[in-house]
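>>> Structure, please.
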Amino acid sequence: MASGWFTSLPSKGNIRKIVRYLTLVFLTGLIGSARLQTGGTPGALHPIPDEYRVVCDTLLIQEGDVILRRGWALASDLIARFFGHSSGMSHCGIVVHHQSRWQVIHTISGLISDQDGIRITPLTDFIREAAGHQITVKRLRADFDSLAVRSHSFRYLQMEIPFDHAFDLENNSRLYCTELIREVFIAAGLPDFFHYDSFAGKPILDFSTFFDQTLFLTVIQTEQKGSLPN
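Okay, here's the model as predicted:
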């Protein structure tokens, strides 16, 4: 009887799929409760070391760029682990120039933030919220209308759309971070080039999209070096 049970065990590949699926289920529940955090204090601002300050005022940044960071919460760790080709990133937003400074339009759950849904954040604050000050800025290789991306980014901001805790791509009345970027790009006339993962028939946007070198080029990237100040 024991040998029969062992011969029915799933393959290593299927085990990995099961683990990833269970991670997704746990992640969805975790964001729904938002009680577990690690690696720092969400909501607190962290000083930017001198070697990273260039990202705040560099001429390399353009409107429509996508900025990604690694967050502090346990949910961020799970997202980074779930999407193995995301270079450890767990959150993203769209760069815009507004009120004479660089800012980021993005969306976060109100259960791990003092505000739910889409908001605009100064770029410096967005970077201060990155665990280990790890960020990367990506730019579409294809030609695109940056003014249209800006316009639709602000349109979604003004709509005050809440965060999508269900990760439901079939309903755009709520949006999670990569979902917001996809909606903005498509509204700006770009094709749906995003990578998808799927579990139990549920499509999920994959962070690997931004690390596909045929789609995006890297404008700026910082890497955690030793023990950066937190």
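>>> who touches the helix or strand where residue 158 lies?
Take DSSP states H and E as the rule and residue 158 turns out to sit in helix 146-159. Here helix 146-159 makes contact (Cβ atoms under 8 Å, 6 or more residues apart in numbering) with 62-64, 94, 96, 105, 118-120, 175, 180, 183-185, 187-189. From N, CA and C alone the C-beta is placed, and that goes for glycine too.
>>> Kindly recompute the last result at 10 Å.
62-66, 93-98, 103-107, 117-120, 139-140, 145, 172-173, 175, 180-181, 183-190 (Cβ atoms under 10 Å, 6 or more residues apart in numbering).
>>> Those residues in helices, which ones?
Judged by DSSP state H, the contacts of helix 146-159 include 180-181, 183-187 as members of helices.
>>> Which among those residues count as buried?
Among the ones in helices among the contacts of helix 146-159, those buried by neighbour count (16 or more other Cβ atoms under 10 Å) are 180-181, 183-185.
>>> Reformat those residues as CSV; add pLDDT and distance to residue 111.
Formatted as CSV, these follow (pLDDT from 0 to 100; distance: Cβ to Cβ, whole Å):
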residue, pLDDT, distance to residue 111
180, 97, 17
181, 97, 21
183, 97, 22
184, 98, 23
185, 98, 27
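>>> in the helix holding residue 158, what's buried?
146, 148-150, 152-154, 156-157.
>>> What is the nearest of those residues to residue 209?
Of all the buried residues of helix 146-159, residue 209 sits closest to residue 149, with 15.6 Å by Cβ to Cβ.
>>> Quick check: the closest one vs residue 96, distance?
Going from residue 149 to residue 96 by Cβ to Cβ, to the nearest Å gives 8 Å.
>>> just for the chain, where's the confidence low?
Low-confidence segments of the chain (pLDDT under 70): 1-58, 71-88, 199-200, 223-230.
>>> quick one: the strands in it?
For the chain, the strands defined by DSSP state E occupy 66-69, 91-98, 101-108, 117-122, 135-140, 196-199, 202-205, 216-221.
>>> Just checking: what are the partner strands of the last one?
Partner strands for strand 216-221, per DSSP bridges, with pairing direction: strand 135-140 (antiparallel).
>>> Kindly report the same for the fourth one.
Listed by DSSP bridges, the sheet partners of strand 117-122 and their directions read strand 101-108 (antiparallel).
>>> angle of the strand it pairs with against strand 91-98?
Angle of strand 101-108 versus strand 91-98, following axes from the mean of the first three to the mean of the last three Cα atoms, to 10 degrees, is 150 degrees.
>>> then strand 101-108 to CSV, C-alphas only?
Output in CSV follows, covering the C-alpha atoms of strand 101-108 (Å, rounded to 0.1, in the frame of the first residue of the first chain):
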residue,chain,number,x,y,z
ARG,A,101,9.0,67.0,-10.6
TRP,A,102,9.1,63.3,-11.4
GLN,A,103,6.3,61.3,-9.9
VAL,A,104,4.8,57.8,-10.1
ILE,A,105,1.2,56.7,-10.7
HIS,A,106,0.6,53.3,-9.2
THR,A,107,-1.9,51.4,-7.1
ILE,A,108,-1.5,49.7,-3.7
